[in-house]
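Asks: Here is a sequence with its predicted model. Questions after.
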Amino acid sequence: MEKAGWLKDVMKFGRKSSQEDVVSGLCGELSLIVGAAKDLPTSSSGTAYDPYCVVHVVSPSNIHSKASRTGVRKKTNHPLWNDEIKIPTIMDGESIHFIVKHWIRLGKPKVIAEGILNLHDLLGGEKKTLTVTLEPQGSLDITILYEDNSDLFGLSLEDSCIREGCSIPYIITECVCEIEKRGCADVGLYRTAGNARIIRVLKNEFNQDPMHVKVGPDQAPKVSAVASLLKLYLRELPEQIFTEHLYDAFLSFASDLLTHEKRISGLQGTLTALPKSNYDSILFLLDHFHHISTFSDLNMMTTLNLSTCLGPSLFTPAGDVKSLNVHEQNVLTNFLLENWKDLKRGLEPPEIPPDVEMRLREIRLSHPKRTPSVASSYSTKATALSDKSESSLTVELAACMDEFDETQQLEKLKEALGMSDTLTPKQEEIINAKLLEIKSIKESVRIGRARTLVKSRKSSIAPPPAHLQFASALLATHAETKEDHLTPKEFRHLCYDLGVFIVDDNTFNKLSNGEEFLTRNQFQRWWWVAGERLAEIYSTYSKHRLFTQAVAYFQYYDLDRVGVIEGPSFMNLHQDLLNHSYANINDNVLDCYCEIKQKTQAELNGEPWSCTFNEFVDWLLRINAVSHGQSPSISLPPKSESGHGLSSLSKVAATSDSKRVNVSISNDEA
């Protein structure tokens, strides 16, 4: 089929990732007692070190929290600490990093040994006594209690079950019971979207108290909101409920080239290979979806319609749209629902909580199963909806349907499928099926992107870039009003010290969502991208020191911290850079100023001299000025008469003792 012209320019999906696509680590409170370490390494001469232990909480993207530490023990490789450490607020945790260091009075402490403890292993709210294995040698005894306060949405299925002490999360059993109680006959169940405000409220309530929220008529007047909530929960699981490592195995049974018996036995075997929580939850859900399909003469949700609506939430793995086979996912979901009676005969029944089982039995006695209406089944053979060219066309249609309203969508779809304006009943059926399939593809793409983000964060083993590590350390010195939180002024000063001048509060308000404070995590996520151009400088010790010194020079002359210095101050700044042999600095101050402004002397004629901080930093990077130079002086210059003092960064890299020139620059000189 010849593609319509408007499809030829479609290159990719235009949807931007939403805030709900960002999945964080665990949140909660941690208290631990660092007990004794055994068999720690000794120095090359065989002498025992002076050890102390540092504790960090590490995020999925390998960002370390502010450190907590024990006391120092002298000359021993079997230290006994018994020091209690409390971390009352964990915002984004994946693991706990224990680092044993040798204390040195002057100089950088030496790492002796280190170990990692997975935070997910501590779910359940019980105090545990554990031994952490240290590398390259040794062990560490700890007593630890982790009280998890993580949101339910975005938490893995296994973690949710561990925390709740069951094999099927409460949100699944509660939603299923309520849907079967009052929604089996609702037209378009699982296809019709529920009220967004009600769904948002219920989601927040489940995040706050995942085991006691009700979804009855008082909370959700229409059951479509409950069905949408259940689909949202399944979509936001960091890994699809059928698991990623068994995804290909399940999809291999989508083809109807296999005999019916082989598909049944193969699926039964693959289902039994699932983890306990996934197995029980899937069987519970499939039984529910099959029950809903028996009311298809009332709710119009045949197994075909249900599979198109539910397939993306159940099966979509992490990955790009090109690697997704949405059609096969829906084929398999349809087969599971159509043949559920045969499938479950050879499977162990799921472990359902007794109260849920009794409640569901009573509901089904009052709403007995019906005989489902006959609907055409999905096929993986060469039919119109599964042909490769049609499948490719459907993906492209899904890519750009958001650009049109409903009327335009229908017209474009008819154009793409080569249909006339007047549709036959059969063509209307094809159009409706195609629209539903397009919606399914778009949902799969969104879910795949979100799960890709989770996968990349959790598989990240590289340390955070140097510019992020330095910013994280410096943040603690600026967060004076509230620990690990920045006010607008503190945020601007921190950015100034890091190498970026922020003029107003607009950036702060955008990052903090209008809140009074900016959190450490919000700042780190922003600086990871905003400070990327400085990554190379911060990763090299000599460049880092020279850049820090250059920033301190500029700040010394910027008395009011407005990010701008005038002519005389610029000449002094230029002299400081020359005296410390910064690379590629033009000896002529006028030529140097022209380089910064990227203008000729003629273009600058008549303009008063002024240099902004961001222009100064751009110029340093452009000419690679910090590639070499003299080590920074550690002596501090005297305060100016105006009482100007140095920032926390300026105190680290002080200004030079160079000769100051106090001259004014006339317009003629320019």
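Replies: Sure thing, it's come through.

Asks: Going by C-alpha atoms from here, please, whenever you check contacts or count neighbours.
Replies: Will do.

Asks: any idea how far residue 131 is from residue 591?
Replies: 64 Å (Cα to Cα, to the nearest Å).

Asks: now swap in residue 233 and tell me
Replies: According to Cα to Cα, residue 233 stands 62 Å off from residue 591.

Asks: cool, and residue 553?
Replies: Separation of residue 553 from residue 591 (Cα to Cα): 20 Å.

Asks: cool, and residue 534?
Replies: Counting by Cα to Cα, the gap from residue 534 to residue 591 is 25 Å.

Asks: of those two, who's got more company?
Replies: Using other Cα atoms under 10 Å, the more surrounded residue of residue 534 and residue 591 is residue 534, with 20 against 16.

Asks: What ranges does this structure have for its strands?
Replies: Ranges of strands within the chain are 26-38, 51-58, 68-69, 80-93, 95-102, 110-118, 128-133, 139-148, 485-486, 518-519, 564-566, 610-612, based on DSSP state E.

Asks: now the second one and strand 26-38, what's the angle there?
Replies: So the one you mean is strand 51-58. Per axes from the mean of the first three to the mean of the last three Cα atoms, to 10 degrees, the angle that strand 51-58 makes with strand 26-38 is 160 degrees.

Asks: and the angle for strand 51-58 with strand 95-102?
Replies: On the basis of the same axes, to 10 degrees, strand 51-58 is oriented at 160 degrees to strand 95-102.

Asks: quick one: buried residues of strand 51-58?
Replies: Neighbour-count burial for strand 51-58 flags 51, 52, 53, 54, 55, 56, 57, 58 (criterion: 16 or more other Cα atoms under 10 Å).

Asks: Pick out the shakiest of the strands of the chain, pLDDT-wise.
Replies: Note on the strands of the chain: lowest mean pLDDT is at strand 80-93, with a mean of 83.

Asks: Direction included, what does it pair against?
Replies: Paired neighbours of strand 80-93 in the sheet (DSSP bridges): strand 26-38 (antiparallel).

Asks: Tell me how far the strand it pairs with lies from the chain's centre.
Replies: 25 Å (Cα atoms, centre = their mean, to the nearest Å).

Asks: Just the CA trace of that strand, in CSV.
Replies: Written as CSV, here are the backbone C-alpha positions of strand 26-38 (Å, rounded to 0.1, in the frame of the first residue of the first chain):
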residue,chain,number,x,y,z
LEU,A,26,13.4,3.8,48.0
CYS,A,27,12.3,6.5,50.5
GLY,A,28,12.3,6.0,54.3
GLU,A,29,14.1,6.2,57.6
LEU,A,30,17.3,4.4,58.4
SER,A,31,18.9,3.7,61.8
LEU,A,32,21.9,1.4,62.3
ILE,A,33,24.6,0.5,64.8
VAL,A,34,28.0,0.0,63.3
GLY,A,35,29.5,-2.7,65.5
ALA,A,36,32.8,-4.3,65.0
ALA,A,37,35.0,-4.9,61.9
LYS,A,38,37.3,-7.9,61.5
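
Asks: Between strand 128-133 and that strand, find me the angle.
Replies: Calculated by the same axes, to 10 degrees, strand 26-38 forms an angle of 60 degrees with strand 128-133.

Asks: just the angle between strand 26-38 and strand 139-148, please?
Replies: Between strand 26-38 and strand 139-148, the angle comes out at 160 degrees (the same axes, to 10 degrees).

Asks: what's in contact with strand 26-38?
Replies: By Cα atoms under 8 Å, 6 or more residues apart in numbering, the surrounding residues in contact with strand 26-38 are 70, 77-94, 119-120, 138-151, 155.

Asks: Buried subset of those as a PyMOL selection?
Replies: In PyMOL syntax, the buried subset of the contacts of strand 26-38 is picked out as below (16+ other Cα under 10 Å):
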select buried, resi 70+77+78+79+80+81+82+85+87+90+91+92+93+94+119+120+138+139+140+141+142+143+144+145+146+147+148+149+150+151+155
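
Asks: Return the set of buried residues in stretch 342-358.
Replies: For stretch 342-358, burial by neighbour count (16+ other Cα under 10 Å) applies to 343, 344, 350, 351, 352.

Asks: Sort out which of those are in helices and list them.
Replies: Judged by DSSP state H, helices contain the following of the buried residues of stretch 342-358: 343, 344.

Asks: Nearest to residue 504 among the buried residues of stretch 342-358?
Replies: Among the buried residues of stretch 342-358, residue 352 lies closest to residue 504 (Cα to Cα), at 56.5 Å.

Asks: Find the nearest non-adjacent residue to that closest one, please.
Replies: Leaving aside its sequence neighbours, residue 352 sits nearest to residue 168 (Cα to Cα, 6 or more residues apart in numbering; 7.1 Å).

Asks: isn't the one you found right up against residue 279?
Replies: No: assessed by Cα atoms under 8 Å, residue 168 is found out of contact with residue 279, at 9.1 Å.

Asks: Point out where the stretch 401-550 of the chain drops to low pLDDT.
Replies: Residues of the stretch 401-550 of the chain that meet the criterion pLDDT under 70 lie in 401-421, 423, 426-464.

Asks: quick one: the helices in it?
Replies: 406-417, 425-458, 466-478, 488-498, 506-511, 520-530, 535-539, 541-557 (DSSP state H, counting those that start in this stretch).

Asks: what's across from the residue lying closest to residue 133 once chain neighbours are set aside in the sheet?
Replies: Distances taken as Cα to Cα, 6+ apart place residue 139 nearest to residue 133, at 4.6 Å, with adjacent residues excluded. Counting by DSSP bridges, residue 139 is bridged to residue 38, residue 133.

Asks: got the contact list for residue 139?
Replies: Contacts of residue 139 (Cα under 8 Å, 6+ apart): 37, 38, 39, 40, 131, 132, 133.

Asks: for residue 616, same thing?
Replies: Residue 616 touches residue 596, counting by Cα under 8 Å, 6+ apart.

Asks: What distance do you get for it to residue 236?
Replies: 45 Å.

Asks: again, but for residue 303
Replies: Counting by Cα to Cα - residue 303 and residue 236 are separated by 23 Å.

Asks: cool, and residue 68?
Replies: The gap separating residue 68 from residue 236 is 33 Å, by Cα to Cα.

Asks: Same check on residue 167?
Replies: Applying Cα to Cα to residue 167 and residue 236 gives a distance of 18 Å.

Asks: From residue 524, how far off is the residue nearest to residue 207 when sequence neighbours are not counted?
Replies: Ranked by Cα to Cα, 6+ apart and with sequence neighbours excluded, the top spatial neighbour of residue 207 is residue 151, at 4.4 Å. Using Cα to Cα, we find residue 151 at a distance of 21 Å from residue 524.

Asks: what does residue 567 give?
Replies: From residue 567 across to residue 524, the span is 35 Å (Cα to Cα).
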